[in-house]
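Participant: missing the sequence, but the structure's below:
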C-alpha cells in the first residue's frame with residue numbers, strides 16, 4: 001500500500017467524520033462499475049422491508065423510496081454490506097422559501113418548529129435541515145430547508161396545489177426550488193443562489 005493511498009484513506013475518514021448525512025426515506029443507489037449485476041441489485045432493494053418505489057435514471061442510478069426512516073436505514077446497511085462497488089447514500093431535496101411576518105420579536109426556534117410542523121403535516125416527508133436567513137440587521141424574509149422525499153418537495157412546489165403559497169400563524173410566504181449555481185469571479189470563491197419560480 002502506497003503512502004498516497006494511506007493519506008487518501010485518512011483524509012476520507014476525516015471528511016466522513018465531519019459530515020454525516022441525516023437519514024431520510026430516499027436512497028440514491030449508484031453502481032460504480034459496469035460489472036455490477038443490476039438485476040441482483042434491484043432484487044435486493046425491491047425486496048427490502050418498506051420498499052415503496054424505485055426510479056432509474058438515464059445514468060443507471062436509482063432513487064429508491066421507503067416508507068420509513070428505519071426501513072431506509074436497514075436497506076442502506078444491507079446494500080453497503082452486499083455491494084462494494086455501489087455508492088449508496090441518502091438523497092435530500094432542498095426548498096427555498098420566502099416568509100412575511102418576521103420581526104425582531106419573532107423567536108427563531110418557535111418559527112422553525114411551527115414551520116417544520118406545517119410542512120411535515122402537509123407532505124409525506126420529514127424536514128432534515130432548516131434555516132431562516134439573517135444578516136446584521138435581523139431576519140431578511142427567507143430561508144431554506146431540506147426534505148427527504150421528492151414527492152414532498154413536489155407537493156410544495158406545485159403551482160396548482162394549495163401549498164405553493166403557504167400561511168401558518170402570523171407568517172406567510174411561497175416555496176421555490178432551490179438551485180445553487182457556482183458563479184466564478186477572479187478569485188473563483190463566490191457562490192450565487194438562484195431561485196426558480
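Facilitator: Arrived safely, thanks for sending. The structure presented is a predicted model; accordingly, all values stated were derived computationally and were not measured.

Participant: residues near the residue nearest to residue 94 when sequence neighbours are not counted, how many?
Facilitator: Here the nearest residue to residue 94 in space, its sequence neighbours aside, is residue 178; by Cβ to Cβ, 6 or more residues apart in numbering that works out to 4.0 Å. To be clear about C-beta, it is placed using only N, CA and C from the backbone, and glycine gets the same treatment. Applying the criterion other Cβ atoms under 10 Å, we find 18 residues in the vicinity of residue 178.

Participant: ok, now residue 123?
Facilitator: Other residues lying near residue 123 total 18 when counted by other Cβ under 10 Å.

Participant: how near is it to residue 31?
Facilitator: Residue 123 sits 30 Å away from residue 31 when distances are taken as Cβ to Cβ, to the nearest Å.

Participant: so who does the residue lying closest to residue 158 once chain neighbours are set aside touch?
Facilitator: By the measure of Cβ to Cβ, 6+ apart, the closest residue to residue 158 outside its immediate chain neighbours is residue 164, 6.2 Å from it. Counting by Cβ atoms under 8 Å, 6 or more residues apart in numbering, residue 164 makes contact with 156, 157, 158, 174, 175.

Participant: how about those in TSV, adding distance to residue 100?
Facilitator: Shown next, in TSV, are the contacts of residue 164 (distance: Cβ to Cβ, whole Å):
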residue	distance to residue 100
156	17
157	19
158	21
174	10
175	13
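
Participant: inside helices: which ones of these?
Facilitator: With DSSP state H as the criterion, helices contain 156, 157 from among those.

Participant: out of the contacts of residue 164, what pair is the most spread apart?
Facilitator: The largest separation in these, counting by Cβ to Cβ, is between 158 and 174 at 12.0 Å.

Participant: more crowded one of the two?
Facilitator: Per other Cβ under 10 Å, whichever of residue 158 and residue 174 has more neighbours is residue 174, with 19 against 12.

Participant: any low-confidence regions in this protein?
Facilitator: Where the chain drops to pLDDT under 70, the residues are 1-19, 181-197.

Participant: what residues of stretch 25-35 count as buried?
Facilitator: By neighbour count, with 16 or more other Cβ atoms under 10 Å as the criterion, the buried positions of stretch 25-35 are 25, 26, 27, 29, 31.

Participant: same question, stretch 164-173
Facilitator: Under 16+ other Cβ under 10 Å, the buried positions of stretch 164-173 are 166, 168, 171, 173.
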